[in-house]
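>>> sequence and predicted structure, then a few things I'm wondering about:
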Amino acid sequence: MVQSFSVSEPAVTTIPGNKNYRAPSLFAASALLREARRQKNLETKSVPPICILDPDGDIVRRLRRSGDSQQFEAWPCYHTQLDTFSLSDQTVGIIGCAVGAPFAVLIAEELFASGCKFLISLTSAGRIASSDKSPFFVIIDRALRDEGASYHYAPPAEFAHADPALIALACEAVREKPQKVIVGTSWTTDAPFRETAEAIEWAQSKNAIAVEMEAAALYTFAQVAKVKILCLAHVTNTMGQGGEDFEKGEADGTADALAVLAAISQMANGQLKIRHSTAP
């Protein structure tokens, strides 16, 4: 016989508040990578200074099929594979299928501990408040913090904000490109299948254009760690509310995505003066 128990407790609206945001973590990405290298007998080698997160994995799969990417053999992460490829005449790194705020931040921590200087995340997203016909791209300048990971890095706040200089850089980079690109707010959530009418209405009231799963945590981490991260959303769907949804465009949207990424990475390489360095 299974017994059920109910406990009357005050409603909790956020994760537990026992956080000391100034205290260093006892578990560091550098320590994990050190031990992974030891176990796997890998050399310590810096990743490319510009790296890309591809949560959907479409770009990674295309590059592998075409033979245009190579595995970065020295990447010690237990959970992912880092590939490299040529983008705008420079070698960049890319990791696929890092879906969701906790996973994206875990990988971001490891990349910056391994020599990354500028990280770009490009994820597909649902359209919730825009008159633009999908697909189109959003340069995310702020993200609603409706996930959990960011609250381990910084005190509660409604939004996580991008570095304004990176937003300006991205806007200038894509200004003459044929792809439709706008700047706006996203809603970051951990639970895509809990996007209720009320939740969407709330996000719309905050001027969110799209919904995705990583930006709020990545921007919060970037602000606290003082690293450079830019989040883009490729708005491809209306969350299945209409027919012929989730159409990304040519080659699953990778042609347009690579064009946008190439423009931004090329300008970043010039303006940010990113150089390859030795990982700690």
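That came through fine. None of the values given here were measured: they were computed from a predicted structure.
>>> tell me the confidence at Ile107?
Listed pLDDT for Ile107 reads 98.
>>> wait, what's in contact with it?
The neighbours of Ile107, taking Cβ atoms under 8 Å, 6 or more residues apart in numbering as the test, are 53, 77, 79-80, 95, 98. Placement of C-beta: from N, CA and C, glycine included.
>>> please, which helix or strand holds it?
With elements delineated by DSSP states H and E, Ile107 resides in helix 101-113, which encompasses its position.
>>> then that helix to CSV, C-alphas only?
As requested, the backbone C-alpha atoms of helix 101-113 are provided in CSV (Å, rounded to 0.1, in the frame of the first residue of the first chain):
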residue,chain,number,x,y,z
ALA,A,101,20.5,26.8,-19.2
PRO,A,102,22.4,24.4,-16.8
PHE,A,103,24.1,22.5,-19.6
ALA,A,104,24.9,25.7,-21.6
VAL,A,105,26.5,27.3,-18.6
LEU,A,106,28.5,24.2,-17.7
ILE,A,107,30.0,24.1,-21.2
ALA,A,108,30.6,27.9,-21.1
GLU,A,109,32.5,27.6,-17.9
GLU,A,110,34.7,24.9,-19.3
LEU,A,111,35.3,26.8,-22.6
PHE,A,112,36.4,29.9,-20.9
ALA,A,113,38.6,27.9,-18.6
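>>> which residues touch the residue most central in space within the chain?
Centroid-nearest residue in the chain, with Cα atoms, centre = their mean: Ser121, separated by 3.7 Å. If a contact means Cβ under 8 Å, 6+ apart, then Ser121 has 52-53, 55, 104, 214-215, 218, 229-232 as its contacts.
>>> let's see if you can find the most crowded of those.
Among the contacts of Ser121, the one with the most neighbours (other Cβ atoms under 10 Å) is Ala215, at 34 neighbours.
>>> in the protein, which spans are helices?
Counting by DSSP state H, one finds helices in the chain at the ranges 29-40, 58-66, 101-113, 164-174, 197-205, 215-225, 254-271.
>>> what's the burial count for Ile209?
Around Ile209 there are 23 other residues, counting by other Cβ under 10 Å.
>>> that one against Ile200, yeah?
No: at 12.0 Å, Ile209 and Ile200 do not qualify as touching, with contact defined as Cβ atoms under 8 Å.
>>> what touches both of the two?
With contacts taken as Cβ under 8 Å, 6+ apart, Ile209 and Ile200 have Ile128 as neighbours in common.
>>> report the residue spans of this protein with pLDDT below the cut-off.
Using pLDDT under 70 as the threshold, the predicted model of the chain has low-confidence ranges 1-14, 130-131, 238-252, 275-280.
>>> which residues sit in contact with Ala210?
125-128, 130, 138, 184, 186-187, 233, 235.
>>> among the residues you listed, which lie within strands?
Secondary structure from DSSP state E places 125-127, 138, 184, 186-187, 233, 235 of those in strands.
>>> can you redo the residues you listed as CSV with neighbour count?
Shown next, in CSV, are the ones in strands among the contacts of Ala210 (neighbours: other Cβ atoms under 10 Å):
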residue, neighbour count
Ala125, 30
Gly126, 24
Arg127, 23
Val138, 26
Gly184, 18
Ser186, 33
Trp187, 29
Ala233, 27
Val235, 27
